[in-house]
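K.L.:
Here is a sequence together with a model predicted from it:
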Amino acid sequence: MTSTFGWLAIDPKQRRRMMEAVDQFRDETTLDDLGFGAIRDAFSNTLFPGVSSIQTRLRYVLFIPWLLQEASHRDTVGRMQSQFREAEFRLITALQSGKETVGVIGRDAGRTLQRLPSEIYWVAIGRWGLVESGFSARRYFERELLRREELKATPRADDPDVPIRLTPTGLDPRLPPPPEHLLRETTFALRPEDARYLREAITRTAAGSLFAHLVTHRPENWTDETNQPAGVGDPAIRQGLPPELEALVDRATKFALYAQGANLLYNLLVAEATHKTDQHGSALEEVYTQRLGEWFTEVQDVKPLHARDRELIWQTVIHSGRRLSATTKDFVGTWADAVANARAAADLIGNHQLRCKIVGREREKKGPRARLTPGNQLALDAWGGASGTGRFDYLWTNARRHLQDLYDAEETA
């Protein structure tokens, strides 16, 4: 299918304008003007393997295998694939019939939905062992046809208790059976057998992660959605963590705090260049100067991000399969040392070398789209007053929704 935005590849000026407009609608924790993304994502995937920012409800990881099984009764791979796609659309209606309104993928788009649940959750069901690692829906359908041929060609054993050896389907044979009338009416509520299966799968395949720990160690004061912990650094979560996991969470929360400070200073520089005001008419230069002061008070209450901490962070990135450039290490190190040596936020704000470092870092990461590149008035005009100022939550928003689904199932068991 030809992309609607095919012109972006041949018109650099229009492409830049489009990308700058898109920037304004991104989540404040995902914008990455200073190149912290690889570290943020490494922590996210180490703490919550299999979870992604576009997932909604946990039961989708079971819906997908169930729909695969339902579609496999057709007589060709092509018809199986068509039926599977049709089932994903029918699932939207079934969830709405079950009175689900929040978290339904395709609730508004309906049959115009471009990114189906199977695409969104496929990494999760592979990571948690619901399907073979690296598997695909097509491969599953091919194996189902192969198994039919094997059954036809295999002579019946005299002893009915002797199992027939068939090619594995690629789906976990321990999957709970689907509920009746799945595509007529269903909900996101996990049955007790669903929850038991998913707890076992996650703790087995993601052992040592914060996600696996929380699956089996519900914080005492987390009773329902109204009192969920605010983030991975919440004392309710950190209480009772194994030492190695506690150290990982500590580094993650500390890095999120340090990265936010750098992004606040970056936004101050942009505010100085634009002279914009907020919705209340306050100069954004003053707003970010104040926010940096508040941030500096907070960062003084934690231990510095020492060289040893940084080395362990680099190892986390490498172990997650990501690359980390020497310039990224240098930038993080320079910023961390500057924060450790500062006595007040003004020491950071007025540090000329630090300002130049941030300008150069943005230019390195964004090229011609860098707002602080001299003469790039278009990018400055497109700045909406904030870019990447939120603190990294490492997919906590999505992970806690999944955990809540599991906890709710425990209460109904």
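P.N.:
Happy to help now that I have it.
K.L.:
what's the single longest helix in this protein?
P.N.:
Using DSSP state H, we find that the single longest helix of the chain is helix 243-274.
K.L.:
Give me the buried positions along that helix.
P.N.:
245, 248-274 (16 or more other C-beta atoms under 10 Å). Bear in mind the C-beta positions are built from the backbone N, C-alpha and C, glycine included.
K.L.:
Now do the helix or strand that that helix is followed by: which elements does it pack against?
P.N.:
Using DSSP states H and E, the helix or strand that follows helix 243-274 in sequence is helix 284-299. Counting contacts by 3 or more C-beta pairs under 8 Å, 6 or more residues apart in numbering; DSSP states H and E, helix 284-299 is packed against helix 243-274, helix 345-349.
K.L.:
Same question for helix 284-299: list its buried residues.
P.N.:
Buried residues in helix 284-299 (16+ other C-beta under 10 Å): 284, 285, 287, 288, 289, 291, 292, 295, 296, 299.
K.L.:
measure the fifth one to residue 349 for me?
P.N.:
When you say that, I think you mean residue 289. Computed as C-beta to C-beta, to the nearest Å, the residue 289 to residue 349 distance reads 7 Å.
K.L.:
the domain parsing of the chain - what is it?
P.N.:
15-50+190-413, 59-188 (automatic domain parsing).
K.L.:
show me where the stretch 1-150 of the chain has helices.
P.N.:
12-23, 37-47, 60-71, 77-97, 117-127, 137-153 (DSSP state H, counting those that start in this stretch).
K.L.:
so which of these comes closest to residue 361?
P.N.:
Among the helices of the stretch 1-150 of the chain, the nearest to residue 361 by C-beta to C-beta is helix 37-47 (12.7 Å).
K.L.:
which residues are in contact with the closest one?
P.N.:
Here helix 37-47 makes contact (C-beta atoms under 8 Å, 6 or more residues apart in numbering) with 32, 51, 209-211, 232, 248-249, 251-252, 255-256, 259, 313, 316-317, 319-320, 322-324, 328, 332, 392, 394-395, 399.
K.L.:
Filter those down to the buried ones and express that as a ChimeraX selection.
P.N.:
Per 16+ other C-beta under 10 Å, the buried members of the contacts of helix 37-47 correspond to this ChimeraX selection:
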select :32,51,209,210,211,232,248,249,251,252,255,256,259,313,316,317,320,324,328,332,392,394,395,399
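K.L.:
before we move on, back to that, would JSON lines of the helices of the stretch 1-150 of the chain with distance to residue 238 be doable?
P.N.:
JSON lines is the format used below for these (distance: least, C-beta to C-beta, whole Å):
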{"stretch": "helix 12-23", "distance to residue 238": "34"}
{"stretch": "helix 37-47", "distance to residue 238": "12"}
{"stretch": "helix 60-71", "distance to residue 238": "27"}
{"stretch": "helix 77-97", "distance to residue 238": "35"}
{"stretch": "helix 117-127", "distance to residue 238": "24"}
{"stretch": "helix 137-153", "distance to residue 238": "39"}
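K.L.:
could I get the ones you listed as TSV with mean neighbour count and mean pLDDT?
P.N.:
Formatted as TSV, the helices of the stretch 1-150 of the chain follow (neighbours: other C-beta atoms under 10 Å; pLDDT from 0 to 100):
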stretch	mean neighbour count	mean pLDDT
helix 12-23	14	44
helix 37-47	21	98
helix 60-71	22	98
helix 77-97	18	98
helix 117-127	19	97
helix 137-153	15	92
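K.L.:
Out of those helices, which gets nearest to residue 228?
P.N.:
Nearest of the helices of the stretch 1-150 of the chain (C-beta to C-beta): helix 37-47, 15.9 Å.
K.L.:
for the closest one, the distance to its chain's centre please.
P.N.:
How far helix 37-47 lies from its chain's middle: 9 Å, per C-alpha atoms, centre = their mean, to the nearest Å.
K.L.:
same check, this time on stretch 37-52
P.N.:
Using C-alpha atoms, centre = their mean, the offset of stretch 37-52 from its chain centre is 7 Å.
K.L.:
do the same with stretch 69-87
P.N.:
That offset, for stretch 69-87, works out to 30 Å (C-alpha atoms, centre = their mean).
K.L.:
Residues contacting it, please?
P.N.:
67-68, 116, 118, 137-138, 140-142, 144-145, 171, 178, 182-183.
K.L.:
mind checking which of the helices of the stretch 1-150 of the chain is nearest residue 357?
P.N.:
Nearest to residue 357 among the helices of the stretch 1-150 of the chain is helix 37-47; the distance by C-beta to C-beta comes to 17.0 Å.
K.L.:
And the average pLDDT for the longest helix of the chain is what?
P.N.:
The average pLDDT within helix 243-274 is 98.
K.L.:
With that, I have no additional questions.
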